[in-house]
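A.B. asks: take this sequence and fold it.
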Amino acid sequence: MNGGVNGVALTVFILFFVAVTVMGFLAARWRRADNEASLDEWGLGGRSFGTWITWFLLGGDLYTAYTFVAVPAAIYAAGASGFFAVPYTILVYPLIFTFLPRLWSVSHKHGYVTTSDFVRGRFGSKGLSLAVAITGILATMPYIALQLVGIQAVLDVMGVGGGENTNWFVKDLPLLIAFGVLAAYTYSSGLRAPALIAFVKDTLIYIVIAVAIIYIPIKLGGFDDIFAAAGDKFSKINPATDKPVGALAPGSSGTWTYATLALGSALALFMYPHSITATLSSKSREVIRRNTTILPLYSLMLGLLALLGFMAIAAGVKVENGQLAIPQLFEDMFPDWFTGVAFAAIGIGALVPAAIMSIAAANLFTRNIYKDFIKPDATPAQETKVSKLVSLLVKVGALAFVLTMDKTVAINFQLLGGIWILQTFPALVGGLFTRWFHRWALLAGWAVGMVYGTVAAYGVASPTQKHFGGSAKEIPGIGEIGYIGMTAFVLNVVVTVVLTFVLKALKAPEGVDETSPSDYTADAGDKGVQVDLPAVGTGSGH
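C.D. replies: This next block holds a predicted model:
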């Protein structure tokens, strides 16, 4: 790393940061509604966003600062295996085309704000709804922490805050300021803030990627030299494993791991609460359908972004923490002023998803814990107030996580988050197409998947970690190494199906379904009468 502070890059970074901060606070006045004291307004932007706003919002939500840093960092460290992120973001869009419009329609019809709202209404079970809500909150927390890790990586490379021996407060002050700004404008403007800032974030990222993919290879002698340097690095033997450190192209031995990880990640991506929050903010079902056709443009960007990992190798970037590889590459290769632009893209790329994630987690707590179990008669204004406060607490928790724990802990919990959130798929996506599954069977399947996934991940060791050293393990009965989340998901589905047959044979009470078939194809003009959510679909089946 270069010594001292990069003043030019820091100045450009600060200018962009100030600009988006102003935009974040002004967003409270953007499309202001007559009644702002409701989760529809604060947490879903009034459900009013059109195709392009939704596209930028979903793009800003799914392709985060951590994506910008971690995907090429995985390529930098291990080579081809890191490319799994590219096919899974291609697989996901045909998948969501089949179910997201249905989720939007039924949520619009009944006023659902979260996936747990839908699960409760569909299966008449507050217990199953609570399980989905808790899973969503648990999976989201480390995700927010990793956005702050992304900001911290940029600040470290710029030399802001001093070295490791600097007083902790001085060292972390820039991150504390960034956190404070994020918390303030999220509290003030709700989902409108990240929706507006996403325009800046995505534009900057596209510019940086376009420049990097042309400018850096020219400086390094072309892609032939880049791939040759990467091939040389990955052919070296790792003394800890007695195997090559990586591979320029995937080998047959890793096929199961690569395929199951890509498929499992695709199934999990739109189970995350922040993905659903951005989806439900759109104004019509047609907006969702259009977005599933144009969002793959981000996958193209991701493929180009991944190549930066090979470029970092060819450029001779040496970092102890792989997460710093790409920021350091930008620092080494770009003029200082454009380094500031690139760092601003990463920094703002952290603020947008962190804001959406904290809002999504807060909505889950408010609707499916606070209102369902603590204060069933809460008014819309009280719901909004609680959600605002919880969004602050969620960010404080993420900040504490980043400041007090090793960064690898956050990454481990993020791996667990992917395994956990996948276990909500049968209840959510299954429920959008059929009422056949029994609510108790879904809850049992969820529990089996959660327990197996957590225990299996705990048992994975790596050369540097005794537990939670990865997300792949031998698949029982097959003998191949595969993604733990997919194995847990298969167990989840098997338990759900078998117990559904048993419970139906025993005529166990199935709960009340408050939805009707027409709700799943309703559009913006078919809202009808909103259901009083707390009063229906209880676990008692009445």
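A.B. asks: so what's the nearest residue to Asn238 once chain neighbours are set aside up against?
C.D. replies: Spatial nearest neighbour of Asn238, excluding adjacent residues (C-beta to C-beta, 6 or more residues apart in numbering): Val245 at 4.7 Å. For every residue, glycine as well, the C-beta is placed using N, CA and C. Residues counted as contacts of Val245 (C-beta atoms under 8 Å, 6 or more residues apart in numbering) are 78, 233-234, 236-238.
A.B. asks: redo that, cut-off 10 Å
C.D. replies: With contacts defined as C-beta atoms under 10 Å, 6 or more residues apart in numbering, the neighbours of Val245 are 77-79, 233-239.
A.B. asks: out of the residues you listed, list just those in helices.
C.D. replies: 77-78, 233-234 (DSSP state H).
A.B. asks: which stretches of the stretch 301-450 of the chain have low pLDDT?
C.D. replies: Within the stretch 301-450 of the chain, the ranges that satisfy pLDDT under 70 run 405-411.
A.B. asks: where along it do the helices fall?
C.D. replies: Remark: helices assigned in the stretch 301-450 of the chain by DSSP state H, counting those that start in this stretch are 308-314, 325-333, 336-365, 380-404, 407-422, 425-433, 439-458.
A.B. asks: so which of those comes closest to Gly477?
C.D. replies: helix 439-458 (13.3 Å; C-beta to C-beta).
A.B. asks: please identify the buried residues of the closest one?
C.D. replies: 439-446, 448-450, 452-454, 456-457 (16 or more other C-beta atoms under 10 Å).
A.B. asks: chain center to it, what's the gap?
C.D. replies: 21 Å (C-alpha atoms, centre = their mean, to the nearest Å).
A.B. asks: hmm, who's touching the helix or strand following that helix?
C.D. replies: Later in the chain than helix 439-458, the nearest helix or strand by DSSP states H and E is strand 472-474. Applying C-beta under 10 Å, 6+ apart, the external contacts of strand 472-474 come out as 81, 254, 256-258, 260-261, 415, 456-457, 459-460, 480-487.
A.B. asks: low-confidence ranges, the protein, go.
C.D. replies: 1-4, 31-36, 161-171, 240-241, 250-253, 405-411, 463-464, 525-542.
A.B. asks: top helix in it by residue count?
C.D. replies: Ranking each helix of the chain by length (DSSP H) puts helix 126-158 first.
A.B. asks: which of the residues in it are buried?
C.D. replies: 126, 128-158.
A.B. asks: likewise for stretch 98-112?
C.D. replies: 99-112.
A.B. asks: can you give me the helices in the stretch 101-250 of the chain?
C.D. replies: Under DSSP H, counting those that start in this stretch, the stretch 101-250 of the chain gives helices at 115-123, 126-158, 168-189, 192-220, 223-234.
A.B. asks: how about the fourth one: buried residues?
C.D. replies: Neighbour-count burial for helix 192-220, counted by 16+ other C-beta under 10 Å, picks out 192-202, 204-206, 208-209, 212-213, 216-217, 220.
A.B. asks: of the contacts of Val245 - the most surrounded one?
C.D. replies: Gly79 (23 neighbours; other C-beta atoms under 10 Å).
A.B. asks: pretty sure that one sits against Ala247.
C.D. replies: Yes. With contact defined as C-beta atoms under 10 Å, Gly79 reaches Ala247; the gap is 4.8 Å.
A.B. asks: joint contacts of these two?
C.D. replies: 230-231, 234.
A.B. asks: ok, now how distant is the residue nearest to Leu403 when sequence neighbours are not counted from Thr11?
C.D. replies: In this structure, Leu403 finds its nearest non-sequential neighbour in Asp172, 5.8 Å apart by C-beta to C-beta, 6+ apart. Taking C-beta to C-beta, to the nearest Å as the measure, Asp172 falls 21 Å from Thr11.
A.B. asks: how about Gly111?
C.D. replies: From Gly111 over to Thr11 the distance is 47 Å, taken as C-beta to C-beta.
A.B. asks: just Phe373 next, same as before
C.D. replies: Relative to Thr11, and taking C-beta to C-beta, Phe373 is found at 50 Å.
A.B. asks: sorry, back to before: got the angle for the longest helix of the chain vs helix 168-189?
C.D. replies: Relative orientation of helix 126-158 versus helix 168-189 (axes from the mean of the first three to the mean of the last three C-alpha atoms, to 10 degrees): 130 degrees.
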